[in-house]
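1. Okay, structure incoming, though there's no sequence with it:
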């Protein structure tokens, strides 16, 4: 049963309860009518869905009121004035919602066009009003306790009190020492230090900030029950819950109740509160202070004024907890300011789990990592794990994400999504509707928005003020600044992806941007475009993965963009194969063109090749070759490309004759199909093979032929590779000037196409040349540049070669200690790269160094 259907059933129940409470009857009736029309809406369905979900939540709260009234046999006159006001306001607002809904259901085509903007404005207006109602109604789980108190007071009144009293019973909560408290010792110690540093002359004013569910209330209770605080303040410790407070007046009432100075039948008096606070050293905690503070400007300033009066008192230490990153104005907050709370560290999250469940296994480990060690999420999951195994909870997480993390319904401490929704429905967010839209966009982007991309995203999203919305989201602790990127908290991203719907116009703009970016050839991209491709690589990957799961029509364009993008992210050292694996599954499920599947297997093989996993690389390329041989692509240019890649793998495994035969077969097919680029690549492959076979004249001729063909098609990357091959040949022929010139020419081309891997190989060739020329300073500089570039390309084989070169330089300079370190590091990298021949070479040179060091010591 859906949440809306559950709400409909609840409203019918509420209507039957309405006989004793007249206020509920019209509210329940209007909710029933509004919810029943949800399937008939023709205009603004996405926006109405948001409103409907809030109507459903309001419905649940109204039912709670009705049930509590029935449970305690209360009449209309018994209800608190504030609650009667809420129901009256709700009745008026729901009449407007019902009217707008009818317009969305019944409006004709002409009126639909003419009044579209006006109707959308109304929908957004009611969305904001419902958020206000929900925020006022937040404390519904405390309603039962309030009704019970009312009922008890009625009994006392009817029976006659044993003695007259002119004071209202205190509603303050006693500070409670947290039973589970891990990972906040540093913050606790910092707050205690702030409290007692200048307690005689300057009482501390401290705001505990942070996202919802990060343990602000728990930390505040730990402060109030700390042994030093208890010893100093004694019974002058007050904890005031502000969750249901929405004005300075109601805050004044709660303060008066907490201090026991509220006279029955009269308003709360600031003078009484001030006198009570001034009688002794007092520490006052105002929990969830955002509820009274985050209101319209006049109300907000009034609350800030009241807080400034309190913090202006000589003997009062003030502690507040606030969702977000902003402190109230008009108060001098103790310096240095307490930083907003972060998630727990791994060990603390594990201890919380073990304290609640007694056990901790691999599934529990994965769960706490998935929720990013957020205290509330860890706590709720651990409580769920008391009855359900972590392994089953992990399955729930994979299917439902944040929606199942609850041990109760609508309360911030028992329902993770409810806690998150409170932040999303906050007054700051309601004042800036674009912030909610941007939050959903950010939820789709794991790397968020880089500061250098702000103008670009303003172009993409167009109708929203990006900077203003980012500021709002940051103030509400829904996003954070990590380095130079605005990113959602991971748990918020999971919530948004599961619960929120991106506006179609934003979705279309994002898809177009990322598909175009993924389709860009890095070898042809200008520096600015290439930098953008690097900045957005993880976001691009996430968007392409999302599109594979959507019902996109142009599958061919999507797959081609993924192939281009995969080659790009491999070139910058990202060798993950998840996206290409998803793409192969996507093609197989949809029975799309075999040529696309072949190219995917080929690209997948290249990823394994760059990761030095040659067995899996060969397996994927052989799968591509099998698809070619058995289908329409037999003896096509694509088939020849696959054969060339298979040849490269034969070379790596030392099967040089097999490699030569495959290159020649590929060349024959490329010649038949008149594929100039393919022929050039085949000749270069033959050049590599002839070098390994020691046939240097044939190698030089092959590279020259490859260069000629690649010039014909103006392929810069391949021309760079050809010059690199010629440099290798000349180095072996001891033609050192020609070798240096060839490597420099290769470097020139590889710089033009932004190839870190190519440039790294070129600098390594130059280093080898300079060693032969006895130019050790130039050799050292070249190898160091090669090492930096190979690190950028995440190429352990290349890093090992550069380190080996540096070792040889230091040997030549008689810096044996440095040479030893370089050869040891080279050996380590070549082990990672699974390169046994290179390892043997490293070990040989390392032994030479150790021998020389031993001889030096003996002398």
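-> Received it, and whenever you're ready, just let me know what you need. The structure presented is a predicted model; accordingly, all values stated were derived computationally and were not measured.
2. Double-check that residue 321 belongs to a helix.
-> No. Residue 321: not assigned to a helix; according to DSSP: H, G, I helix; E, B strand; the rest coil it is strand.
3. Show me where the stretch 451-600 of the chain has its strands.
-> With DSSP state E, counting those that start in this stretch, the ranges of strands along the stretch 451-600 of the chain come out as 479-482, 485-488.
4. TSV please, covering those strands and showing mean pLDDT.
-> Below are the strands of the stretch 451-600 of the chain laid out as TSV (pLDDT from 0 to 100):
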stretch	mean pLDDT
strand 479-482	90
strand 485-488	93
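5. Of all those, which one is nearest residue 260?
-> strand 479-482 (41.3 Å; Cβ to Cβ). The C-beta positions use only the backbone N, C-alpha and C, and glycine is treated the same way.
6. okay if I get the strands of the stretch 451-600 of the chain as TSV plus distance to residue 362?
-> Converted to TSV, the strands of the stretch 451-600 of the chain look like this (distance: least, Cβ to Cβ, whole Å):
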stretch	distance to residue 362
strand 479-482	28
strand 485-488	27
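7. would TSV of the ones you listed with distance to residue 527 and mean neighbour count be doable?
-> Shown next, in TSV, are those (distance: least, Cβ to Cβ, whole Å; neighbours: other Cβ atoms under 10 Å):
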stretch	distance to residue 527	mean neighbour count
strand 479-482	25	17
strand 485-488	21	22
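8. for the stretch 451-600 of the chain, which spans come out with low pLDDT?
-> 554 (pLDDT under 70).
9. cool, the stretch 201-350 of the chain as well?
-> Where the stretch 201-350 of the chain drops to pLDDT under 70, the residues are 263-267.
10. could you show me where the strands are in it, in order?
-> Going by DSSP E, counting those that start in this stretch, the stretch 201-350 of the chain shows strands at 205-210, 237-241, 282-287, 316-323.
11. give the contact list for residue 303.
-> 247-248, 251, 292-293, 295, 328 (Cβ atoms under 8 Å, 6 or more residues apart in numbering).
12. tell me which of those is nearest to residue 752?
-> Using Cβ to Cβ, those come closest to residue 752 at residue 328, 56.2 Å.
13. Spatially nearest residue to the most centrally placed residue in the chain, not counting backbone neighbours?
-> By Cα atoms, centre = their mean, the chain has its centre lying nearest to residue 490, at 4.0 Å. Nearest non-adjacent residue to residue 490, counting by Cβ to Cβ, 6 or more residues apart in numbering: residue 372, 4.1 Å away.
14. What score does the one you found have for pLDDT?
-> Looking at residue 372, its pLDDT is 87.
15. Low-confidence stretches in the stretch 751-859 of the chain?
-> In the stretch 751-859 of the chain, residues with pLDDT under 70: 859.
16. neighbours of the closest residue to residue 853 other than its chain neighbours, just the number please.
-> Once flanking residues are discounted, residue 853 sits nearest to residue 816: 5.0 Å by Cβ to Cβ, 6+ apart. A total of 16 residues lie near residue 816 under the criterion other Cβ atoms under 10 Å.
17. how about residue 816, what does it touch?
-> Applying Cβ under 8 Å, 6+ apart, the residues near residue 816 are 810, 849, 852-853, 856.
18. from these, which is closest to residue 517?
-> In terms of Cβ to Cβ, no member of these lies closer to residue 517 than residue 810, at 43.1 Å.
19. Can you say which helix or strand has the closest residue to that closest one other than its chain neighbours in it?
-> Excluding the flanking residues, the one nearest residue 810 by Cβ to Cβ, 6+ apart is residue 819, at 3.8 Å. According to DSSP states H and E, residue 819 maps onto helix 816-832.
20. Which helix or strand lies directly C-terminal to that helix?
-> helix 836-858.
21. So which bits of that next one are buried?
-> Residues 838-839, 841-842, 845-846, 849 are the ones in helix 836-858 that count as buried (16 or more other Cβ atoms under 10 Å).
22. per-domain residue ranges of the chain.
-> 3-157, 185-323, 346-412, 420-506, 795-858 (automatic domain parsing).
23. And the fourth one, end to end?
-> With Cα to Cα, to the nearest Å applied, domain 420-506 spans 23 Å between its terminal residues.
24. same deal with the last one?
-> Its first and final residues considered, domain 795-858 spans 39 Å by Cα to Cα.
25. before we move on, what about the second one?
-> End-to-end distance for domain 185-323: 20 Å, by Cα to Cα.
26. And it, how far out from the chain middle?
-> 34 Å (Cα atoms, centre = their mean, to the nearest Å).
27. Tell me which stretches of the stretch 201-350 of the chain form helices.
-> With DSSP state H, counting those that start in this stretch, the ranges of helices along the stretch 201-350 of the chain come out as 216-224, 227-233, 248-259, 270-278, 290-293, 297-311, 346-357.
28. Need the winner for burial among the ones you listed.
-> helix 290-293 (a mean of 27; mean count of other Cβ atoms under 10 Å).
29. Packing partners of that one?
-> Where contact means 3 or more Cβ pairs under 8 Å, 6 or more residues apart in numbering; DSSP states H and E, helix 290-293 is packed against helix 248-259, helix 297-311, strand 316-323.
30. Just want the angle from the last one to strand 282-287.
-> Here the directions of strand 316-323 and strand 282-287 differ by 10 degrees (axes from the mean of the first three to the mean of the last three Cα atoms, to 10 degrees).
31. Show me what strand 316-323 is packed up against.
-> Using 3+ Cβ pairs under 8 Å, 6+ apart: strand 316-323 touches strand 205-210, helix 216-224, strand 282-287, helix 290-293, helix 297-311.
32. can you list the ones you listed in JSON lines and add distance to residue 259?
-> Converted to JSON lines, the helices and strands packed on strand 316-323 look like this (distance: least, Cβ to Cβ, whole Å):
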{"stretch": "strand 205-210", "distance to residue 259": "18"}
{"stretch": "helix 216-224", "distance to residue 259": "15"}
{"stretch": "strand 282-287", "distance to residue 259": "9"}
{"stretch": "helix 290-293", "distance to residue 259": "17"}
{"stretch": "helix 297-311", "distance to residue 259": "11"}
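33. Please name the nearest non-neighbouring residue to residue 757.
-> residue 793 is the one closest to residue 757 (Cβ to Cβ, 6+ apart), at 4.2 Å.
34. Same question for residue 745.
-> Closest to residue 745 by Cβ to Cβ, 6+ apart is residue 723, at 4.4 Å.
35. Tell me which helix or strand that neighbour sits in.
-> helix 716-732.
36. Contacts for whichever helix or strand comes after that helix next, please.
-> Tracing the chain past helix 716-732, the next element assigned as helix or strand by DSSP H and E is helix 736-752. By Cβ under 8 Å, 6+ apart, the list of residues contacting helix 736-752 from outside reads 716-717, 719-724, 726-728, 730-731, 758-759, 761-763, 765-766, 769-770, 772-773.
37. between the helix or strand that comes right after helix 736-752 and helix 736-752, how many degrees?
-> Counting by DSSP H and E, the next helix or strand C-terminal to helix 736-752 is helix 756-772. Counting by the same axes, to 10 degrees, helix 756-772 lies at 160 degrees to helix 736-752.
38. Show the subsequent helix or strand relative to helix 756-772.
-> helix 776-792.
39. And for that following helix, what's in contact with it?
-> Against helix 776-792 from outside (Cβ under 8 Å, 6+ apart): 572-573, 756-757, 759-761, 763-764, 766-768, 770-771, 798-799, 801-803, 805-806, 808-809, 812-813.
40. and the angle for that helix with helix 736-752?
-> 30 degrees.
41. Show me what counts as buried in the helix or strand just after helix 776-792.
-> Next helix or strand after helix 776-792 toward the C-terminus (DSSP H and E): helix 796-812. Buried residues in helix 796-812, counted by 16+ other Cβ under 10 Å: 796-811.
42. which helices and strands does helix 796-812 pack with?
-> Helix 796-812 packs on helix 756-772, helix 776-792, helix 816-832, helix 836-858, going by 3+ Cβ pairs under 8 Å, 6+ apart.
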